[in-house]
Every structure is written in structure tokens, then in C-alpha cells.
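Asker: dropping a prediction and its sequence here:
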Amino acid sequence: MSAFSEAALEKKLCELSNSQQSVQTLSLWLIHHRKHSKTIVNVWISELKKAQVPRKLTFLYLANDVIQNSKKKGPEFTQDFAPVIVDAFKHVSREGEDGCKKQLGRVLSIWQERGVYETSLIDQLSQVLYGEKKAKKRSYEQIRPDDDDFASQSSPAEPPQTAELIRALQELENAASGDSVLRQRISSLPAEVQDTSLLHRITDKESGDRLSRLVEEACMLLADYSGRLAAELDDRRQLTRTLTVFLQSQKDGLVQNEQKLEEYKRKLTRVTQVRKELRSRLSNLPGRIYNPSD
């Protein structure tokens with residue numbers, strides 16, 4: 001793990017991409033250096049405002065990953081991001097790409113449901129995104145996946161576009177659960193790093209230092225993969241909600257089209273009857289012989 005410095009952090013933020021692996025790798029590095037959390041947050045907000053428009057949302061994804069995955073180690077990042085996060089939301093929602101408010105709303109709903117921040121701060125963030133309208137915290141019964149009323153509780157106002165679904169499904173093709181190379185690396189970890197009963201094999205400082213390095217590398221490898229799997233789980237849950245909304249919108253559209261079809265069938269029947277009656281009347285009128293093709 002490389003040493004911390006502001007210059008190193010600025011370089012890593014400049015190299016940050018919107019890939020899941022890039023975000024989570026930098027997140028792990030930041031969490032490792034959490035004793036510098038105040039400096040990290042100050043540099044983060046400064047670089048966010050200087051970042052190109054397509055990259056601004058990625059900075060928020062990074063903050064989200066750090067805030068959520070650092071909680072078990074300490075409250076430093078949760079506390080230090082709090083004073084700047086409202087300003088960050090304002091900046092990204094104003095300067096970011098079209099559609100970024102929807103993604104910010106997703107982050108906000110996760111923080112709200114997991115109790116990451118106090119209600120007062122959640123309300124401020126909600127006001128940034130939605131104006132005076134405040135997001136309502138949902139109960140477990142409202143958000144659990146097997147809830148009969150699931151779709152109505154979690155559906156957005158607009159059904160997702162087909163392109164959005166395709167993009168989400170394509171992103172899952174490269175998800176952590178499909179990383180066979182990394183799974184092979186994990187399965188190939190030596191037994192010594194996974195079984196404390198084997199520590200008696202250490203007979204000198206050199207072998208102890210060697211095992212210590214292996215254990216540290218294994219911890220980082222497993223922490224990184226665990227973080228990626230957790231993020232994938234969130235993505236799959238979100239996709240499940242999105243698909244539920246999409247399927248409901250298709251069912252609604254099917255019902256509407258069936259009603260329209262019946263309506264136009266009735267209209268066709270009436271028009272056909274009018275045509276039949278009209279031809280009958282015209283055939284009985286004096287004058288030239290009526291030709292239907294006229």
C-alpha cells in the first residue's frame with residue numbers, strides 16, 4: 001500500500017475512472033489512510049469541482065463507497081464528508097451531465113434507508129435534488145424484495161427506457177461474481193493465511209515477515225473482492241427494482257393497447273355498417289348505376 005500524500009491523492013483522483021474496480025481500489029486506499037480523512041475530504045471536494053463534467057458523478061460514487069465501507073473501521077469519513085456533501089451534491093446536480101440527479105437520488109435513497117446520515121442532512125440533500133419535497137424514509141416492509149406491494153412502493157415516476165436496461169445488464173456482464181481469474185487467485189491462497197493453527201510453523205523473523213506480507217496481501221485482495229461483490233449486490237437489487245417497474249409498465253401498456261384494440265374494433269364495426277347502409281341506399285337512388293369503385 002503506497003504512502004499517503006496530497007500529491008499522491010491528487011494523482012489518484014486524476015486517474016479515477018467510472019469503472020467499479022477503479023472506484024473500489026481507490027476507496028480501499030483512502031480507507032487504509034483514514035487517519036488523513038480531513039485532508040482527503042478537502043482534496044476530494046477541490047478536485048471534484050475541477051473535474052471534467054463526465055467525471056463529476058464518479059467522485060460522488062467514490063465518496064459513497066468510502067463512507068459506507070469505512071463505517072466498521074471508524075466514523076472519520078462519515079463525519080468529515082458531512083460538512084461538504086451538500087455543496088458537492090449542489091455542484092454535481094448543477095454542473096454534471098443530464099440524468100445525474102437520478103443517480104444522486106439513488107445514492108441518497110441508499111444513505112437514507114441505511115441510516116448513514118441524520119434526517120436533517122438527508123433532508124438538505126433531498127431539497128438540493130427535489131426542491132421543497134422531502135424524501136420519506138421507507139420501512140422494511142416497504143422495501144423488502146418479496147413485498148406484494150413492492151412495485152408501487154419503489155417505482156419511479158417514469159418507467160425505465162429499454163436502452164437503460166440494456167446498459168445495466170451489460171454492466172453486470174463484467175461484475176465481480178464473474179471474475180474467474182480473481183476467484184482462482186483467492187482459492188490459491190496458501191493455507192497459512194487462513195488457518196491460525198498453522199502459525200506454529202513460524203520459526204524465525206524472516207518467515208514471520210514473509211507470512212505477514214502474504215496475510216496483508218490476502219486481506220487487501222479479499223477486502224477488495226468483498227467490496228466489489230457488495231456493490232454488485234446493490235446493482236442487482238437496483239436492477240431487480242428497475243425490471244419490476246419496467247415489467248409493470250409493459251403490463252399496463254398491454255392492457256391499454258388491448259382496450260384500444262377493442263375500441264377500434266367497435267369503431268370499425270360501426271363504420272362498416274355505415275358503409276353497408278350507404279351502399280344500399282345509393283343503389284336504390286335514381287340516376288346512373290352505382291359503382292362501388294367510384
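Answerer: Sure, I can see it. Model, not experiment: these values are computed from the prediction.

Asker: which residue packs closest to D65, ignoring adjacent ones?
Answerer: S27 (4.1 Å; Cβ to Cβ, 6 or more residues apart in numbering). Just so you know, the C-beta spots here come from the backbone N, C-alpha and C atoms, and that holds for glycine as well.

Asker: ditto for K35
Answerer: Closest to K35 by Cβ to Cβ, 6+ apart is E76, at 7.6 Å.

Asker: so what's the one you found up against?
Answerer: R34, K35, S37, S70 (Cβ atoms under 8 Å, 6 or more residues apart in numbering).

Asker: now do it against S22, distance only.
Answerer: 23 Å (Cβ to Cβ, to the nearest Å).

Asker: and if you look at V84?
Answerer: Applying Cβ to Cβ to V84 and S22 gives a distance of 22 Å.

Asker: show the buried residues in the contacts of E76.
Answerer: R34, S37, S70 (16 or more other Cβ atoms under 10 Å).

Asker: name the helices or strands packed onto the host helix or strand of the second one?
Answerer: In this structure, S37 sits in helix 37-50 according to DSSP states H and E. Helices and strands touching helix 37-50, as assessed by 3 or more Cβ pairs under 8 Å, 6 or more residues apart in numbering; DSSP states H and E, comprise helix 6-15, helix 53-69, helix 76-95.

Asker: show residues contacting it.
Answerer: 6, 9-10, 13-14, 30, 33, 56, 59-60, 62-63, 76-77, 80-81, 84, 87-88, 91-92.

Asker: could you rerun that using 6 Å?
Answerer: Applying Cβ atoms under 6 Å, 6 or more residues apart in numbering, the external contacts of helix 37-50 come out as E6, L9, L13, L30, F59, E76, F77, D80, F81, V84, H91.

Asker: so what's the fifth one up against?
Answerer: For F59, the residues meeting the contact criterion (Cβ under 6 Å, 6+ apart) are L48.

Asker: the second one now?
Answerer: Neighbouring residues of L9 by Cβ under 6 Å, 6+ apart: V43.

Asker: the bottom helix or strand of this protein by mean pLDDT?
Answerer: Lowest on mean pLDDT, DSSP states H and E among the helices and strands of the chain sits helix 150-154, with a mean of 35.

Asker: hey, C-alpha coordinates of the helix or strand following it in CSV?
Answerer: The helix or strand immediately downstream of helix 150-154 is helix 162-172, counting by DSSP H and E. C-alpha atoms of helix 162-172 as CSV (Å, rounded to 0.1, in the frame of the first residue of the first chain):
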residue,chain,number,x,y,z
THR,A,162,-35.1,0.0,-22.9
ALA,A,163,-31.6,1.4,-23.5
GLU,A,164,-31.1,1.9,-19.8
LEU,A,165,-32.0,-1.7,-19.0
ILE,A,166,-29.6,-2.9,-21.7
ARG,A,167,-26.8,-0.8,-20.3
ALA,A,168,-27.4,-2.1,-16.8
LEU,A,169,-27.4,-5.7,-18.0
GLN,A,170,-24.2,-5.2,-20.0
GLU,A,171,-22.5,-3.7,-16.9
LEU,A,172,-23.4,-6.9,-15.0
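
Asker: phi, psi of D204?
Answerer: Backbone torsions of D204, given as degrees, to the nearest 10, read phi -150, psi 170.

Asker: who touches it in this structure?
Answerer: Counting by Cβ under 6 Å, 6+ apart, D204 has no contacts.

Asker: mind running it again at 10 Å?
Answerer: R210 (Cβ atoms under 10 Å, 6 or more residues apart in numbering).

Asker: what about it, distance to R210?
Answerer: 10 Å.

Asker: then T196?
Answerer: 17 Å.
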